[in-house]
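**Student:** What follows is a predicted structure for the sequence shown.
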Amino acid sequence: MLPVKKMSRTRKLTRRSHHALTASNTVSCPMCGQSKRPHAACENCGFVNAKVQLKRKTKEE
């Protein structure tokens, strides 16, 4: 079954205006300076905050 009337480009794009993706937020790690997600452990050094630091596995382990 076909639509009764053609939907205009403006109406179609207005409906989809909120479908855009947003870039994730990043902050720099205070220990090594690499970019990381806020409130998450650094992938490079494992730093979370002053009280918590995760140990990273090396290739030998």
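**Tutor:** Received the coordinates, thanks.
**Student:** Show me the shaky parts of the chain.
**Tutor:** For the chain, the stretches flagged by pLDDT under 70 are 59-61.
**Student:** Which residue, other than its chain neighbours, is closest to residue 56?
**Tutor:** residue 46 (4.7 Å; C-beta to C-beta, 6 or more residues apart in numbering). Bear in mind the C-beta positions are built from the backbone N, C-alpha and C, glycine included.
**Student:** show me what contacts the one you found?
**Tutor:** Residue 46 sits next to 53-56 when contact means C-beta atoms under 8 Å, 6 or more residues apart in numbering.
**Student:** go on, residue 7?
**Tutor:** Counting by C-beta under 8 Å, 6+ apart, residue 7 has no contacts.
**Student:** and what of residue 30?
**Tutor:** By C-beta under 8 Å, 6+ apart, the residues touching residue 30 are residue 47.
**Student:** From residue 51, how far out is it?
**Tutor:** Separation of residue 30 from residue 51 (C-beta to C-beta, to the nearest Å): 13 Å.
**Student:** Let me see the backbone angles for the spatially most central residue of the chain.
**Tutor:** In the chain, the centroid-proximal residue (C-alpha atoms, centre = their mean) is residue 24; its distance is 2.9 Å. Residue 24 adopts backbone torsions of phi -70, psi 150, taken as degrees, to the nearest 10.
**Student:** how much space between it and residue 37?
**Tutor:** Using C-beta to C-beta, one gets 7 Å for the distance from residue 24 to residue 37.
**Student:** when you check the contacts of residue 46 against the strands, which ones overlap?
**Tutor:** Per DSSP state E, strands hold no members of the contacts of residue 46.
**Student:** tell me which of these is nearest to residue 20?
**Tutor:** For those, the closest approach to residue 20 (C-beta to C-beta) belongs to residue 54, at 34.1 Å.
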